[in-house]
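**Student:** task: produce atomic coordinates for the following.
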Amino acid sequence: MDVTQVIALVLVCICCPCCCLCCLGGILSNNSWVKKHKRLNDEKSQIVSTDLGNVEYSIKGSPPYVLCLHGTPGMHDGEIGYYDYWLKHGFGVIAPSRGGFARTDSVQSFEEQADQCAMLLDKIGVKEVATVYGTSGGGPCAIYFAGRHP
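**Tutor:** As a prediction, the model looks like this:
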């Protein structure tokens with residue numbers, strides 16, 4: 001092996017365990033945060049049953065609504081600052097916990113997450129939303145929602 005290969009191997013051996021430990025720490029700290037705040041969040045949300053399982057959501061304000069899809073990790077109240085922006089500008093907010101988060105049943109794909117959102121809107125009687133807004137991990141679901149449920 002030459003010097004660059006040795007350096008690359010050393011970096012991989014150092015970086016991989018560090019990344020794994022950081023991810024594990026993030027998962028554990030988020031998990032403890034979720035447990036700590038779960039009771040309060042449960043009081044703020046509702047659950048509906050759809051063909052793709054249960055969907056937890058919260059609603060704030062009144063129509064026209066913006067469908068807000070949180071980042072990863074997170075749940076229906078995960079983007080409070082962003083939701084306040086929409087409320088301040090005259091929009092209501094419908095914020096589901098995406099598939100596999102909080103008390104929303106897991107689905108296999110972003111397409112199914114988008115379909116879960118459409119089913120949620122049908123169940124709560126919302127015929128249309130002004131826009132869909134997805135941050136971070138909610139972005140792919142938002143794109144699929146816009147394409148599949150215009």
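**Student:** from V3, how far out is the spatially most central residue of the chain?
**Tutor:** By CA atoms, centre = their mean, the mean C-alpha position of the chain lies nearest to H70, the distance being 3.4 Å. To V3, H70 is 46 Å away according to CB to CB, to the nearest Å. For every residue, glycine as well, the C-beta is placed using N, CA and C.
**Student:** got it, and H89?
**Tutor:** 58 Å.
**Student:** over to S58?
**Tutor:** S58 is 57 Å from V3, by CB to CB.
**Student:** G134 too?
**Tutor:** Relative to V3, and taking CB to CB, G134 is found at 45 Å.
**Student:** out of those two, which sits in the busier spot?
**Tutor:** G134 (24 against 7; other CB atoms under 10 Å).
**Student:** Y83: which element?
**Tutor:** Assigned by DSSP states H and E, Y83 belongs to helix 80-88.
**Student:** I should have written C141 there, sorry.
**Tutor:** Assigned by DSSP H and E, C141 falls in helix 138-148.
**Student:** which stretches of the chain have low pLDDT?
**Tutor:** Applying pLDDT under 70 to the chain flags residues 5-43, 78-82.
**Student:** quick one, domains of it?
**Tutor:** Taking automatic domain parsing as the criterion, the chain consists of the domains 1-38, 45-148.
**Student:** okay, these, which one's buried deepest?
**Tutor:** Mean neighbour count (mean count of other CB atoms under 10 Å) peaks for domain 45-148 among the domains of the chain, with a mean of 18.
**Student:** quick one: end-to-end distance for that domain.
**Tutor:** In domain 45-148, first residue to last residue: 26 Å (CA to CA, to the nearest Å).
**Student:** and what of stretch 95-109?
**Tutor:** By CA to CA, the extent of stretch 95-109 from end to end equals 19 Å.
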